[in-house]
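>>> Sequence first, then the predicted structure:
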Amino acid sequence: MESEFLEIKGWCKDEKELTEKLADAASCLANHEGGAVLVGIGEGSKNQRFSRCPFPNLSPTWLVARVQDNTHPPVECHGLDLTSVLAEVRGTSDAHVFALQVQRKKCVSGHATSKGISRVRSGKECKPLFISEDDRTKMVVSDATMDELSVGSIQWAISQHNRHFPAAETFADCWDFLARGGLLLPDENGSGHVTLAALLLFGKDASFSRRSVACDTVINIHGEHRTLRKNIIESLREAILSERAALRVALLSVPETTLRELAVNAYVHRCWRTNGPVTLTVSDTAFDIQNPGDLLAGLHVGNLLYGVPVYRNFLLAEGMRFCGLSDKIGLGIDLVFKTVLSGGFDFPVFESSNGMFRASIPLSRSEEFREFVRHRGASLSQLDELVVLRYLWGASEASFQQLSDALQRGRDIARRVVQAMEKKQMIEIVGGMFRLTPALRLDIDRSFNADQMSLDLFGTA
């Protein structure tokens, strides 16, 4: 009976358990396309599925209040008492049924429960979307006023939002933009309390010094250091987001998307309880980004592609997305891998230890592989194929376990990937080791003569 748009819940053992299940189900449906939650239907036989409500305070209003008090942002929903309908159908009045009509999400990322867990409907199941830890960036900054925020930075963010979300509604002013992005919390005067996320994104330089907020960015290009004591928006603009930005000039071969995603990731996932800068370093061999804060529990450097995202600073991440500076949840690392490998570079390296996280992009690259992907990238159906091809192009051959580790996949999924690539004559097994097929390796070698490459490449067997 349950479906992509319908969830059914029994009465549960107490009001607390019912509240938790309702919040989880409502946020799950809202994060997809919306739907309905039926409340009061058990799992017994047909005659035993309906019963009287054991909770005297339960009503449509109660249900809506429990959901909105236990989801963030509050899920928009409407409660209904279907008891009379049930009585007409069954011919008795000894049972109760309620319903919640759940609206589709309007927030950028999605709704989470009070425990910081967010799920999304997929078929009849609710699958993990992200997990949010105790978020320091949603705290109100004591005595902070709107005057401490840069209008110029906010106006730039509005322009980026409008580019990223062209169908979005217009904003009355800068403060309307911040409020609708969740970066201001309502107060009794209707103006809004300034959150730490708002201050980090848009604060004036003096506000950081006065409040001892560590928002420094260190740029180190071939040994020449420069420290930016600016808000995140202005730091990103100076370091990456303009055509003459320092890193864009120093790293002409690295896509702007790669630089931006790594830098945004560093600000979003750093520990704001710890002093220390975000450091961007360019050397002859690599581009490194380092930030304070280890990976949180549940994540490690070997599951960043497909692990459930865990956020230390969810409001700051939501603010970044609202400003058009990052994409959907969980896609940042995917974009890094795609842009790096498509550019012919070797695999990005991630390290998490001793209270620090570091991402490194090797700057040496294969021009042949880059040219091959430029001409044939549309034939690669997914990131998995790109990962396997780049690994085997660099390593010549690999065991199944090595490919599984590179894919960051479990053995079953990795096996399906390599079997599909064998069928498409992209890879082969020789002596128990995987290799590129001779034809494909030759095509990569000759990628600069792409017009003469076989059009049957990647044909099915």
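That came through, no problem.

>>> Could you find the closest non-adjacent residue to residue 332?
Distance criterion Cβ to Cβ, 6 or more residues apart in numbering; nearest residue to residue 332, sequence neighbours excluded, is residue 261 at 4.9 Å. From N, CA and C alone the C-beta is placed, and that goes for glycine too.

>>> quick one: contacts of the host helix or strand of the one you found?
Take DSSP states H and E as the rule and residue 261 turns out to sit in helix 256-269. Identification of contacts with helix 256-269 by Cβ atoms under 8 Å, 6 or more residues apart in numbering yields 200, 232, 236, 239-241, 247-248, 251, 278, 280, 287, 289-291, 293, 295, 311-313, 316-317, 320, 325-326, 332-333, 335-336, 339-340, 343, 357, 359, 361.

>>> mind listing which of those are in helices?
200, 232, 236, 247-248, 316-317, 320, 332-333, 335-336, 339-340 (DSSP state H).

>>> pLDDT added to the residues you listed, as TSV?
Shown next, in TSV, are the ones in helices among the contacts of helix 256-269 (pLDDT from 0 to 100):
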residue	pLDDT
200	96
232	96
236	97
247	96
248	95
316	94
317	91
320	94
332	81
333	87
335	90
336	93
339	93
340	95
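
>>> Return the closest of these with respect to residue 136.
The nearest member of those to residue 136, counting by Cβ to Cβ, is residue 316 at 9.0 Å.

>>> check contacts around that closest one.
Counted by Cβ under 8 Å, 6+ apart, residue 316 has contacts 135, 137, 196-197, 200-201, 267-268, 272.

>>> If we only consider those residues, which is nearest to residue 421?
Proximity of the contacts of residue 316 to residue 421 was ranked by Cβ to Cβ; the top entry is residue 268 with 33.8 Å.

>>> gap between the closest one and residue 295?
Applying Cβ to Cβ, to the nearest Å, the value for residue 268 to residue 295 is 13 Å.

>>> C-terminal to the stretch of helix or strand residue 118 belongs to, which secondary structure element comes first?
Under the criterion of DSSP H and E, residue 118 resides in strand 117-122. Note on strand 117-122: by DSSP H and E, the next helix or strand toward the C-terminus is strand 125-132.

>>> all strands for the stretch 1-150 of the chain, in order.
For the stretch 1-150 of the chain, strands defined by DSSP state E, counting those that start in this stretch occupy the ranges 6-9, 35-39, 71-72, 77-81, 98-102, 112-113, 117-122, 125-132.

>>> Quick one: closest of these to residue 146.
strand 71-72 (23.5 Å).

>>> Check which helices and strands that closest one sits against.
Helices and strands touching strand 71-72, by 3 or more Cβ pairs under 8 Å, 6 or more residues apart in numbering; DSSP states H and E, are helix 15-30, strand 112-113.

>>> Tell me how far it lies from the chain's centre.
Distance of strand 71-72 from its chain centroid, counting by Cα atoms, centre = their mean, to the nearest Å, is 17 Å.

>>> Then stretch 432-447?
Offset of stretch 432-447 from its chain centre (Cα atoms, centre = their mean): 34 Å.

>>> just stretch 268-283 next, same as before
19 Å.

>>> and that stretch, what's its mean pLDDT?
Across stretch 268-283, the average pLDDT comes to 92.

>>> Just the terminal-to-terminal distance for that stretch.
Its first and final residues considered, stretch 268-283 spans 24 Å by Cα to Cα, to the nearest Å.

>>> surely residue 289 meets residue 278?
Yes - counting by Cβ atoms under 8 Å, residue 278 is a contact partner of residue 289 at 7.1 Å.

>>> Show me the helices in the stretch 351-461 of the chain, by range?
367-376, 383-395, 400-407, 411-423, 438-445 (DSSP state H, counting those that start in this stretch).

>>> Residues in contact with the helix or strand hosting residue 158: which ones?
Following DSSP H and E, one finds residue 158 within helix 151-164. For helix 151-164, the external contacting residues (Cβ under 8 Å, 6+ apart) are 168, 171, 174, 177-178, 201-202, 231, 233-234, 237, 322-325.

>>> Would you mind writing the PyMOL command to select the buried ones in these?
To isolate the buried ones among the contacts of helix 151-164 in PyMOL, judged by 16 or more other Cβ atoms under 10 Å, type:
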select buried, resi 171+174+177+178+201+202+231+233+234+322+323+324+325
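
>>> Helix or strand with the lowest mean pLDDT in the protein?
Across the helices and strands of the chain, the lowest-confidence element by mean pLDDT, DSSP states H and E is helix 205-211, at a mean of 82.

>>> Send me it as CSV with only the CA atoms.
Provided in CSV are the C-alpha atoms of helix 205-211 (Å, rounded to 0.1, in the frame of the first residue of the first chain):
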residue,chain,number,x,y,z
ASP,A,205,36.7,43.0,8.1
ALA,A,206,36.5,44.9,11.4
SER,A,207,33.8,42.6,12.8
PHE,A,208,36.2,39.6,12.7
SER,A,209,38.9,41.4,14.6
ARG,A,210,36.5,42.8,17.2
ARG,A,211,35.0,39.4,17.9
